[in-house]
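*Asks:* fold the stuff below for me.
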Amino acid sequence: MTSKPVLQAGLVVRAVAAAAIVAGAAQARVVAFVVEHRLSFAGGVSWGRAGPYEKLFGTAFMEVDPRDPLNAGIVDLDRAPRNARGMVEFSTPFFVLKPVNMAAGNGKIFYTVNNRGGPLAIDFAHPLMFAQTAADVGDNDIALNMGFTVVDAGWEGDLVQRFAADGTPLNLGASVPVARQADGSPITGLMRVEYSDRNLPLSGTHTLNLEGTAGFRSYETADTNTAHAIFTVRDDVDAPKAAIASNRWAFGSCPSGAASLVPSTFDICYFDGFRADKIYELIYTAKNPLVMALGFATTRDVASFLRYEPRDSQGNPNPLGGGLRRSYATGASQTGGYLRDFMYMGFNEDESHRKVFDAIIPTIAGTDRVFINVRFADPNVWSDQDDRHDLLQNSYGVFTYAIHTDPISGIRDGVLKRPATDPLVFQIDSESEIWQLRGGLNLTDGAANPVQLPDGVRMYFVSSTAHAFIAGGLGAQTPGSSPLCANGTGGRLTTETARAALVAIDQWSDGGIAPPRSNYPSLDDGTLIELDDAGRKFPSRPGLTFPTVQNELPLWNFGPLFSVVGGVITLQPPLFSKHYQQFVPRDDKDGLNEAGVRPMEIRAPLGTSSGWNVRAPGHRPGNLCGLTGSYLPFAQTRAQRQATGDPRKSLEERYRDHRGFVDAVRKAGRELVKERFLLQQDADRYVQQAEASDVLR
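*Replies:* Numbers count the residues shown, from 1 in each chain. Here you go, the predicted model:
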């Protein structure tokens, strides 16, 4: 693994900018789309009618006009350096996986927005950017067999870019400018960071970079005098914060403690050592903010160029040829929230006022917003009940796709409000998003009132799964474990719903075939209930502890320069006032969610799966355990379950024998295929797995 030399890239940028001036490009967009590597894919295997594929890697050089209304809302864009044409320059590496013969493909883009630079996969396990063989493709084969061109490009500006020895990228991050004052002096502002067992090793450490994660660049401190910063420690999320004396820590790196201190403006050293069972908070004055929201422009402009333009401003041909029929995007977790903000901020309209994506599929996003349109944005952080609950990313201001008046804030707004360029939307969530990422606020307004979805939106809920659609069941009967969590964990990625969703949204967008109706917990049908009610109804069983908390949401106040579109944070930590009323899914007698798609693992269950877990003793017990789910298998026989006081039916009582289990899987597969939440090929695969399993043999 190597770092790519930057000198050559800088020369390319200058040459490209000069070429753009000569060409007299009329609009800010992709100036040069430079293919640097063209590789055969998976040994030349053919995929459906599309035939063999090839990988392209390279760099897209872009510029935007800060005076264009479509760009003017980007925070600090007016403070970024400009070239001779008054444009702001930025760039990103890209990855394209395309049919060798584009005419054999389906003429459509599937843009998979990476998470923290890591390439996305439909099954979360087989990133196509790294695939070398057909087996490496995994469940992504659905996109290739349908003939899609798969695209991704960097958007996150604080990523530490890494490259393989052959120069191909190992992750995808954007290169965006630093904002400065008009006189060239640094911009400064408040930066707040938490350190906990999310980024601290369980054995502890003396030192970290200020960001807390080595894969991302820290905002440099403008003042190394620790007396001018605030450093605290607490025992739990809501516990009192105890100040750490300014002479017990330093800005610097110290692998073995104070004696090894090397002063630095990008690191923190705590002489007494960070402990993983504590939460630490640092508030310091940072300098040199990145114009992070240019990330939205990278996605917009790369996708628009590949879809519409025959060549770039330098005359290089578009490797896809331009003129593609359709373009869809998907993102997961962080980038599910990124795509919600992408739509809300109006970036699905390109600078020629064309629709960028016909359809967007945010997954496992809840109502999370990535909030990169903020000075000193930190998109690596997200809010959980047990960690960083009042930092951005977070849920704030705009929750619903429909335009709606928020009864808590009084804000009237919605994610979708531009009919000419709004895409069709499938949002697909797991149960974790309701407990931790406030997913229920997609369909409720914070005052226990239902909110209707626009006609062009569907919400789907993959019942009783954890973040990334993880559950226990067929192929993962034995619970896993986490050192931080009290309950056993699931081990199967149930991504078959996402495969069926790609087919359904293509049929909707391109063929006008209406998709399945939304299937998500709601107040209307009683499948969202209060937390206390859910706890009383949950089947009591030794070995499975039900939560008593969820990630609450107050109305945050980050200061007068911050609003629903972002801005500048002047209050750290934020003040807060009224709280949003939230709910959790109602469960059946097995502890499985009643609402939602109810995938195979829930319709033919081998145990109780959930999207929540609780923290173990010694790791701040009483709180939720991040985005980890739980899994507790059913007993084999009635006698075994009665011996442990388990009220849930045993496998033998449910299915009688192995053939009964296989029949239940076959029946569930037929139902899911009919409902269009499962492809027939995946239903057949489930039956084969059931027949080969040792369940009740």
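*Asks:* now for the nearest residue to D197 once chain neighbours are set aside: which residues touch it?
*Replies:* Leaving out its chain neighbours, the residue that sits closest to D197 by C-beta to C-beta, 6 or more residues apart in numbering is A276, at 4.4 Å. No exception for glycine: its C-beta is placed from N, CA and C like everyone else's. Counting by C-beta atoms under 8 Å, 6 or more residues apart in numbering, A276 touches 196-197, 200-204, 619.
*Asks:* now swap in A80 and tell me
*Replies:* A80 touches 66, 88, 177-180, 291, counting by C-beta under 8 Å, 6+ apart.
*Asks:* same question for T405.
*Replies:* By C-beta under 8 Å, 6+ apart, the contact set of T405 is 411-412.
*Asks:* what does L261 give?
*Replies:* For L261, counting by C-beta under 8 Å, 6+ apart, the contacting residues are 250, 252-254, 269.
*Asks:* grab the nearest non-local neighbour of it.
*Replies:* Computed as C-beta to C-beta, 6+ apart, the closest residue to L261 that is not its neighbour in sequence is C254, at 4.3 Å.
*Asks:* and the one you found, what pLDDT?
*Replies:* At C254, the pLDDT value in this model is 98.
*Asks:* who's in contact with the nearest residue to G212 once chain neighbours are set aside?
*Replies:* Closest residue in space to G212, ignoring its immediate chain neighbours: N199 at 4.4 Å, by C-beta to C-beta, 6+ apart. Contact analysis of N199 by C-beta under 8 Å, 6+ apart lists 208, 212-213.
*Asks:* which of those residues fall in strands?
*Replies:* Of the contacts of N199, the ones assigned to strands by DSSP state E are L208.
*Asks:* which of the contacts of N199 count as buried?
*Replies:* For the contacts of N199, a neighbour count by 16 or more other C-beta atoms under 10 Å gives the buried set as 208, 212.
*Asks:* export the contacts of N199 as CSV, with columns for pLDDT.
*Replies:* Listed next are the contacts of N199 as CSV, based on pLDDT from 0 to 100:
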residue, pLDDT
L208, 98
G212, 97
T213, 96
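*Asks:* can you put the contacts of N199 in CSV and add distance to S246?
*Replies:* CSV is the format used below for the contacts of N199 (distance: C-beta to C-beta, whole Å):
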residue, distance to S246
L208, 18
G212, 20
T213, 25
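*Asks:* closest to A447 among the contacts of N199?
*Replies:* Using C-beta to C-beta, G212 comes nearest to A447 of the contacts of N199, at 35.9 Å.
*Asks:* so which of the contacts of N199 is the closest to I283?
*Replies:* Closest to I283, out of all of the contacts of N199 and judged by C-beta to C-beta, is G212, at 13.7 Å.
*Asks:* that closest one against D197, yeah?
*Replies:* No. Taking contacts as C-beta atoms under 8 Å, G212 lies outside contact range of D197: 11.5 Å.
*Asks:* before we move on, back to that, and the residue nearest to L261, what does it touch?
*Replies:* Here C254 is in contact with 206-207, 260-262, 269, 271 (criterion: C-beta under 8 Å, 6+ apart).
*Asks:* rerun at 10 Å
*Replies:* Residues in contact with C254 (C-beta atoms under 10 Å, 6 or more residues apart in numbering) are 205-207, 260-264, 267-271, 273.
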